[in-house]
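>>> Only the shape, not the letters, is given here:
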């Protein structure tokens, strides 16, 4: 099928490339005549470690029974994207979104299935929300201790789409009106209206557009020839937090009716690196005179833990860290109704041993216990338990690079089903700990490039029969019985020293 | 195989987990069971030693079983949730 916008050599190459794609991926390129984008508005909320992009596509179907719409992202954008969700405007249910191209393709296509196929000339508004991690760079890369921090974000100005777009614009929303500069070139007037300035700053929003009549742009040729890089350089008064590594271990105990969560966290301040030395006196001066304080220094982190958390512990390689404040919360007990431990949140404020300036790291271990009644249910029909384990505790605006969650089930449990909140690598192992004989089945979830939107619940269905419950006490009983048997044998051995009076005579 | 949404509703509507022994009783249970184990162990040392140790083994088994449950209850009371 020849695509009318591409030169014939490109079309032939695309056709052959399509044939070579393995059958597991959807190999058909999107049909550009299926839809028309009446209006596309991309809104980029500039942040620190994460950036939220909301694109609204008002589409008009050009065919009958149109059930699939294809989004396009450049390879760069797709590699930075860590979370993506598409909805129909006004609805709260996310629609099924599937990536239909390999990761090394120059344009990434995502197929969306409409809940109800569109008829000819029917319109719909789709809202695509994506979160990018590490998309803003500190500029300047290093700042002194008493200087403020600024970040820069760059992206292509035209929203890529396989379909023709009548009108589109792109908006950058900075957290404060303090914008240092934004890119504005004469190349931007190609698709812009002749009398309007293509780039306009108003308060804390920079708007590029409107751009009219851009034909199907989801091709490498468009990206090379027409796409323009635009960006905003903005002051950022918050901390840029990255968690390069997070190792979570969740242990379920049936005898103690307890769920213990232990996090080994590597925290990093990913903002502008410190230039020169850290002067403690300057740091103290900033604390005493708040008007000189630089807010991008990471002084404490607040973890919002579920309700009914007890006995939190916080230590690092040196030992216990006492600079923490725990404000517990309990669930309301309403008769006849099961309360969710996520309705009210406990607050654990952790202060690292030292303030984290730009580029500094801190590793620590945080753990707490939660009653298992809040997190596990019993399914009498299956004879199995269903437990919900939180994947990670969200630090607002933080980017997580490498996360591993280990869930340790009770001894001699048998796993029925495992449902992570999103696609992850799953491994199975056996873990041995106190009073274990056969070991505990362990499930390890590994994932990279996550954000605080990935703080969902893992559901695990497992069976522990009564005999398995008795595994532990009987193991200890066997140990004691062994000691008693040794005692029984020793009681029959005579170790007294005998004096033989007859032989002496 | 259930879908994620199905398991989520199932988990929310099913009765919550209830341990075999209520956790509030565990400290007292551990005290009573380990106390009994201690007493039985002393009693064991006073028993006669015939050729067939039937009474000794009987007392030993009872003491071991009580000790098994007592130690598990003790670990849970101490905060090591086994």
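Sure thing, it's come through. For clarity, every value in this text was computed on a predicted model and none was experimentally measured. Numbering: from 1, shown residues only, chains lettered A, B, ... in the order given.

>>> what are the bridge partners for the closest residue in space to residue A:160 that isn't next to it in sequence, then?
Setting aside the residues directly before and after it, residue A:160 is nearest to residue A:72 in space (Cβ to Cβ, 6 or more residues apart in numbering or on different chains), at 4.2 Å. Just so you know, the C-beta spots here come from the backbone N, C-alpha and C atoms, and that holds for glycine as well. For residue A:72, the beta-bridge partners under DSSP bridges are residue A:109.

>>> ok now do residue A:386, which residues does it touch?
For residue A:386, the contact set (Cβ atoms under 8 Å, 6 or more residues apart in numbering or on different chains) comprises A:376-379, A:459-461, B:7, B:10-11, B:14.

>>> and if you look at residue A:439?
For residue A:439, the contact set (Cβ under 8 Å, 6+ apart) comprises A:411, A:430-432.

>>> roughly how far apart are residue A:29 and residue A:107?
Plainly put, residue A:29 is 10 Å away from residue A:107 if you go by Cβ to Cβ, to the nearest Å.

>>> right, I mislabeled it, should have said residue A:304
From residue A:304 over to residue A:107 the distance is 38 Å, taken as Cβ to Cβ.

>>> cool, and residue A:217?
Applying Cβ to Cβ to residue A:217 and residue A:107 gives a distance of 9 Å.

>>> again with residue A:224
In this view, residue A:224 and residue A:107 are 11 Å apart by Cβ to Cβ.

>>> Identify the contacts common to those two.
Common neighbours of residue A:224 and residue A:107 (Cβ under 8 Å, 6+ apart) do not exist.

>>> Looking at those two now, which is surrounded by more residues?
With neighbours defined as other Cβ atoms under 10 Å in any protein chain shown, residue A:224 and residue A:107 compare such that residue A:107 has more, 20 against 9.

>>> Pull the contacting residues for the more buried one.
Residue A:107 sits next to A:72-75, A:101, A:160, A:218-220, A:223 when contact means Cβ under 8 Å, 6+ apart.

>>> swap the cut-off to 6 Å and go again
Taking Cβ atoms under 6 Å, 6 or more residues apart in numbering or on different chains, we find residue A:107 in contact with A:72, A:218.

>>> Kindly report the same for residue A:157.
Contacts of residue A:157 by Cβ under 6 Å, 6+ apart are A:170, A:208, A:228, A:230.

>>> bridging residues for the last one?
In this structure, residue A:230 has the following beta-bridge partners (DSSP bridges): residue A:155.

>>> same check, this time on the second one
Applying DSSP bridges to residue A:208 yields these beta-bridge partners: residue A:170, residue A:199.

>>> wait, which of the contacts of residue A:157 is closest to chain B?
Taking Cβ to the nearest Cβ as the measure, residue A:170 is the one of those closest to chain B, at 33.8 Å.

>>> That closest one contacts residue A:207, doesn't it?
No. With contact defined as Cβ atoms under 6 Å, residue A:170 does not reach residue A:207; the gap is 7.4 Å.

>>> and these two? which has more neighbours close in?
It is residue A:170, of residue A:170 and residue A:207, that has more neighbours when counted by other Cβ under 10 Å, with 24 against 18.

>>> quick one, what contacts the more buried one?
By Cβ under 6 Å, 6+ apart, residue A:170 lies in contact with A:42, A:157, A:208.

>>> mind checking pLDDT for it?
The predicted local distance difference test score for residue A:170 is 94.

>>> With residue A:45 instead?
96.

>>> Who does it form a beta bridge with?
Listed by DSSP bridges, the beta-bridge partners for residue A:45 are residue A:52, residue A:173.

>>> wait, doesn't it sit right on residue A:53?
No. Proximity of residue A:45 to residue A:53 does not meet the contact threshold set by Cβ under 6 Å, at 7.5 Å.

>>> So between the two, which is more surrounded?
Of the pair residue A:45 and residue A:53, residue A:53 is the one with more neighbours under other Cβ under 10 Å, namely 23 against 15.

>>> Would you agree the more buried one is in contact with residue A:130?
Yes. In this structure, residue A:53 sits in contact with residue A:130. The criterion is Cβ under 6 Å, and the distance is 4.9 Å.

>>> longest single helix anywhere in chain B?
In chain B, taking DSSP state H as the definition, the longest helix is helix B:54-78.

>>> quick one: is it near chain A?
Yes. Interface with chain A: helix B:54-78 contributes B:56, B:60, B:64-65, B:67-69, B:71-72, B:76 (Cβ under 6 Å from any Cβ of the partner chain).

>>> and these, which are buried?
Buried positions within these, assessed by neighbour count (16 or more other Cβ atoms under 10 Å in any protein chain shown), are B:56, B:60, B:64-65, B:67-69, B:71-72, B:76.

>>> what pLDDT does residue A:23 get?
On the pLDDT scale, residue A:23 is placed at 40.

>>> do residue A:90 as well
pLDDT, residue A:90: 88.

>>> can you check residue B:3 too?
You'll see residue B:3 listed with a pLDDT of 88.

>>> next one: the one 10 residues further on
Looking at residue B:13, its pLDDT stands at 91.

>>> Residue A:209 now?
Spelled out, the predicted local distance difference test score at residue A:209 is 81.

>>> and it, how many neighbours?
24.

>>> which other residues reach the helix or strand hosting residue A:458?
For residue A:458, the host element (DSSP states H and E) is strand A:457-463. By Cβ under 6 Å, 6+ apart, the list of residues contacting strand A:457-463 from outside reads A:384-391, A:409, A:413-420, B:7.

>>> again with stretch A:345-356
Residues outside stretch A:345-356 that contact it (Cβ under 6 Å, 6+ apart): A:269, A:297-305, A:309, A:312, A:314, A:323-329, A:362.

>>> Give the buried residues for stretch B:31-38.
Neighbour counts over stretch B:31-38 (16+ other Cβ under 10 Å) mark B:33-34, B:37 as buried.

>>> Count the residues that sit near residue A:132.
Per other Cβ under 10 Å, the neighbour tally for residue A:132 reads 27.

>>> Where does it fall, secondary structure wise?
Applying DSSP H and E, one finds residue A:132 within strand A:123-133.

>>> same deal with residue A:322?
Take DSSP H and E as the rule and residue A:322 turns out to sit in neither a helix nor a strand.

>>> Just give me the neighbour total for it.
There are 9 residues near residue A:322, going by other Cβ under 10 Å.

>>> can you check the one 5 residues further on too?
Residue A:327 has 11 neighbours, counted by other Cβ under 10 Å.

>>> repeat for residue A:311
As a burial measure, the neighbour count of residue A:311 was computed by other Cβ under 10 Å and equals 12.

>>> quick one, what contacts it?
Taking Cβ under 6 Å, 6+ apart as the definition of contact, the neighbours of residue A:311 are residue A:369.

>>> Quick check: residues of chain A near chain B?
So chain A meets chain B at A:253, A:255-258, A:372-373, A:376-379, A:386, A:388, A:419, A:434-435, A:459, A:472-474, A:476-477, A:480-481, A:484, A:488, A:491-492 (Cβ under 6 Å from any Cβ).
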